[in-house]
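**Student:** Below is the sequence, then the predicted model.
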2 protein chains.
Amino acid sequence: MHEATWIKRYISPLVTAAGAEDLRDDVALLSSQDPTIVTMDTLVEGVHFLPKDPLNTVGQKLIRVNVSDIYAKAAQPIEALLSIAWSRARPEADFEALVEGIGRDLQTYDVSLIGGDLVSIDGPLTLTLTLTGRCFNSAPVRRTGGRAGQGLYLDGEIGWGGLGLDAARTGSDPKTAQRYRVPHISPLDAAQAVARYGSASMDVSDGLLIDATRLAAASECGVLIALDRVPLAKPTTELEFVLAQCASGDDYRILMSADTNSEIEGFTKIGNLTESKGLQLTYCGQRINPPSTLGFEH
Amino acid sequence: MHEATWIKRYISPLVTAAGAEDLRDDVALLSSQDPTIVTMDTLVEGVHFLPKDPLNTVGQKLIRVNVSDIYAKAAQPIEALLSIAWSRARPEADFEALVEGIGRDLQTYDVSLIGGDLVSIDGPLTLTLTLTGRCFNSAPVRRTGGRAGQGLYLDGEIGWGGLGLDAARTGSDPKTAQRYRVPHISPLDAAQAVARYGSASMDVSDGLLIDATRLAAASECGVLIALDRVPLAKPTTELEFVLAQCASGDDYRILMSADTNSEIEGFTKIGNLTESKGLQLTYCGQRINPPSTLGFEH
């Protein structure tokens, strides 16, 4: 890899913001739009994506997992810095595919790439994105603002990440595998709904059950989830399979608490925050014991 | 590595800014101080530091190389996001050392850690820092603002990075080796001088000769350097050794062009920008041919 050449060939075409100075400088000027939030996520080959995943999908995933964090806080993504620790063993065509995927989703989510770094690594491909966002309100919606009695709302369906990972590993179902590689994150409309209704919010990335428990704990509440109300990737009446989908990761859908009686478009009310701490589950009105694994623990 | 435990144990104590929410959220709120610039640098074990370097020095280097970028643009570092791709093979004590070094220099440079990510890697330790800075003026001092005829000024001495790397590799001179591991970057005073005097500016990280050529090219000029005026780590009259020090990397000292007749404290005038493009060298008034390698090319 010749960094300067590759930056010029592949990365520079992605860069349009004036503050980025066409990547010819060591820093970028942030566009001035308060309140600004920022997130940083790293994806490592073999941990966050499979070594055989096509690299355009990896590039898309890198953008999406970060955009998902920004959306969940009721904000619009604005500017990104990208660090690529490029695995020397890979051919240049892989790099081109990676950047194609990154460029595609920078466009999809209207994100401006303003800087970053490119280095070589004798090891797994490692990608880090720093992403800023402009809040729709005067502050981001945190995990901490929920109160007992408020409803728990989920955007979209749960379980595609886990089913997709299984499919990608076994090669059984390419269409489902694609849902793991390029997650269908919550849309911008959902981020706007968080701004309007959300008291606490996060994206479900490690599994619905574990993330709902975390949101409740951050809000100093417990949480009750009615499993039969959770929209699933594969609807089923087998409780075990319901729980498996609710404890699998990589869904990147928004979960929020809200104090409302109205319907929230795209969202389903799946339970509520409670006075008593911890996680309670019901299925068709019956109490269910939580499974031993609630999701992916880092 | 158990990420959540290690984050709580080692990283959380470093975090003080209100906008960071004690790292309990997915995003941090940037403090509002325009104009804000941002830089991102990645260090990879075996590329940017030696596998045997003590990890507290690696932590310090990570902060310093980023602070150096911010200083060179006439700005004060403010907030950082940190991604650690932790090499599974290393013991926890190494992690503790790394974080000790990071924490020490966050304090030295008055930087607030507001977020980041921690992941495992079956490969070399890989560290990425995103650092924001507040400009002293209404905009950063770029590489592009130089004009032919302006003086070229260097802060401090050149050559410690290269000499230190040799010493670290051979184990010959621990004190000099330390100058590679923990570079003595330009001080805050130098950043303020850039704000006052600099027309174009950058930090010398790949070698004085190559970086001066880059600054001149960005400013659409050439550059002439009087080698006998360059303050060297090891002063010498052997031209070959002068050139070697001027073409070695990892110095992290500020190089700027300025239109002034006054002395600039800490800086030495080592040449000037020229109408004719490219690099010209003199030594005690004699023209010298540039060496084939001007510095470290990525």
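**Tutor:** Nice, I can see it.

**Student:** How about whichever residue of chain A sits closest to chain B, nearest residue that isn't a chain neighbour?
**Tutor:** Nearest residue of chain A to chain B (C-beta to the nearest C-beta) works out as A:Gly123 at 2.2 Å. In this view, the C-beta of every residue, glycine as well, is placed from N, C-alpha and C. Leaving aside its chain neighbours, A:Gly123 sits nearest to B:Gly123 (2.2 Å; criterion: C-beta to C-beta, 6 or more residues apart in numbering or on different chains).

**Student:** so that neighbour is in which element?
**Tutor:** Assigned by DSSP states H and E, B:Gly123 falls within no helix or strand.

**Student:** Enumerate every residue touching it.
**Tutor:** A:Ile121, A:Asp122, A:Gly123, A:Pro124, A:Thr126, B:Ala85, B:Ser87 (C-beta atoms under 8 Å, 6 or more residues apart in numbering or on different chains).

**Student:** got it, and A:Asp41?
**Tutor:** Contacts of A:Asp41 by C-beta under 8 Å, 6+ apart are A:Leu62, A:Val65, A:Asn66, A:Asp69, A:Thr128, A:Leu129, B:Asp117.

**Student:** Now do the first one: how many residues are near it, please.
**Tutor:** The one in question is A:Leu62. Per other C-beta atoms under 10 Å in any protein chain shown, the neighbour tally for A:Leu62 reads 26.

**Student:** and it, that one's in a helix?
**Tutor:** Yes - looking at A:Leu62 with DSSP: H, G, I helix; E, B strand; the rest coil, it is inside a helix.

**Student:** Just want the phi and psi numbers for A:Ala217.
**Tutor:** Per-residue torsions, A:Ala217: phi -60, psi -40 (degrees, to the nearest 10).

**Student:** Ok, A:Thr126 next?
**Tutor:** Dihedral angles for A:Thr126 - degrees, to the nearest 10 - are phi -130, psi 120.

**Student:** Would you mind measuring from it to B:Ile84?
**Tutor:** Plainly put, A:Thr126 is 11 Å away from B:Ile84 if you go by C-beta to C-beta, to the nearest Å.

**Student:** hey, what's in contact with both of these two?
**Tutor:** Here A:Thr126 and B:Ile84 share the contacting residues B:Thr126, scored by C-beta under 8 Å, 6+ apart.

**Student:** Mind putting the contacts of A:Asp41 into a markdown table with distance to A:Pro174 and secondary structure?
**Tutor:** What follows is these, written out as a markdown table (distance: C-beta to C-beta, whole Å; DSSP: H, G, I helix; E, B strand; the rest coil):
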| residue | distance to A:Pro174 | secondary structure |
| --- | --- | --- |
| A:Leu62 | 21 | helix |
| A:Val65 | 21 | helix |
| A:Asn66 | 26 | helix |
| A:Asp69 | 28 | helix |
| A:Thr128 | 29 | strand |
| A:Leu129 | 26 | strand |
| B:Asp117 | 30 | strand |
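
**Student:** Most neighbours of all these, which one?
**Tutor:** A:Thr128 (31 neighbours).

**Student:** Contacts only, for A:Thr108.
**Tutor:** A:Ile63.

**Student:** confidence score at it?
**Tutor:** Per-residue pLDDT puts A:Thr108 at 96.

**Student:** Dump the contacts of A:Asp41 into a markdown table; add pLDDT and distance to B:Leu227 as well.
**Tutor:** Output for these, formatted as a markdown table (pLDDT from 0 to 100; distance: C-beta to C-beta, whole Å):
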| residue | pLDDT | distance to B:Leu227 |
| --- | --- | --- |
| A:Leu62 | 97 | 45 |
| A:Val65 | 96 | 50 |
| A:Asn66 | 96 | 47 |
| A:Asp69 | 94 | 51 |
| A:Thr128 | 97 | 39 |
| A:Leu129 | 96 | 42 |
| B:Asp117 | 88 | 44 |
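
**Student:** Which two among those residues are spaced furthest apart?
**Tutor:** The distance between the two most remote of the contacts of A:Asp41 (C-beta to C-beta) is 13.4 Å, for A:Asp69 and A:Thr128.

**Student:** can you count the residues close to the nearest residue in space to A:Pro187 that is not next to it in sequence?
**Tutor:** Distances taken as C-beta to C-beta, 6+ apart put A:Gly266 closest to A:Pro187, at 7.2 Å, once the chain neighbours are dropped. A:Gly266: 16 surrounding residues under other C-beta under 10 Å.

**Student:** okay, A:Gly266: pLDDT?
**Tutor:** The predicted local confidence for A:Gly266 is 95.

**Student:** With A:Asn261 instead?
**Tutor:** For A:Asn261, the pLDDT comes out at 81.

**Student:** Just give me the neighbour total for A:Gln286.
**Tutor:** Using other C-beta under 10 Å, A:Gln286 is surrounded by 10 other residues.

**Student:** Bridged to it, which residues?
**Tutor:** Per DSSP bridges, the residues bridged to A:Gln286 are A:Tyr283.

**Student:** Pull up the gap between it and A:Cys246, please.
**Tutor:** Per C-beta to C-beta, A:Gln286 is found 16 Å from A:Cys246.

**Student:** Check A:Ile270 too.
**Tutor:** 10 Å.

**Student:** These two: which is more packed in?
**Tutor:** Ranked by neighbour count (other C-beta under 10 Å), A:Ile270 and A:Cys246 place A:Cys246 first, with 27 against 23.

**Student:** the helices in the stretch 151-298 of chain A, which residues?
**Tutor:** In the stretch 151-298 of chain A, the helices defined using DSSP state H, counting those that start in this stretch lie at A:160-170, A:174-181, A:188-197, A:208-218, A:239-246.

**Student:** buried stuff in the last one?
**Tutor:** Burial within helix A:239-246, assessed by neighbour count using 16 or more other C-beta atoms under 10 Å in any protein chain shown, is assigned to A:Leu239, A:Val242, A:Leu243, A:Ala244, A:Gln245, A:Cys246.

**Student:** and the stretch 151-298 of chain A, which residues reach chain B?
**Tutor:** Contact residues, the stretch 151-298 of chain A versus chain B (C-beta under 8 Å from any C-beta of the partner chain): A:Met202, A:Asp203, A:Ala218, A:Glu297, A:His298.

**Student:** Now list the buried members of those residues.
**Tutor:** Buried members of those, counted by 16+ other C-beta under 10 Å: A:Met202, A:Asp203, A:Ala218.

**Student:** follow-up on the earlier one: Serialize the helices of the stretch 151-298 of chain A to CSV and add fields for mean pLDDT.
**Tutor:** Shown next, in CSV, are the helices of the stretch 151-298 of chain A (pLDDT from 0 to 100):
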stretch, mean pLDDT
helix A:160-170, 95
helix A:174-181, 95
helix A:188-197, 97
helix A:208-218, 95
helix A:239-246, 96
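
**Student:** Just the pLDDT for the spatially closest residue to A:Ala139 that is not a sequence neighbour.
**Tutor:** Among residues not flanking A:Ala139 along the chain, A:Pro35 sits closest, at 5.9 Å (C-beta to C-beta, 6+ apart). As predicted, A:Pro35 sits at a pLDDT of 82.

**Student:** Does A:Pro35 touch A:Cys135 like I think?
**Tutor:** Yes - using C-beta atoms under 8 Å, A:Pro35 is in contact with A:Cys135, at 4.8 Å.

**Student:** Give me the more crowded residue out of the two.
**Tutor:** Comparing A:Pro35 with A:Cys135 by neighbour count (other C-beta under 10 Å), the higher total belongs to A:Cys135, at 22 against 18.

**Student:** surely A:Thr36 meets A:Lys73?
**Tutor:** No - between A:Thr36 and A:Lys73 there is no contact under C-beta under 8 Å: 11.3 Å.

**Student:** Between the two, which contacts overlap?
**Tutor:** Counting by C-beta under 8 Å, 6+ apart, the common neighbours of A:Thr36 and A:Lys73 are A:Gly133, A:Cys135.

**Student:** Many thanks, I have nothing further to ask.
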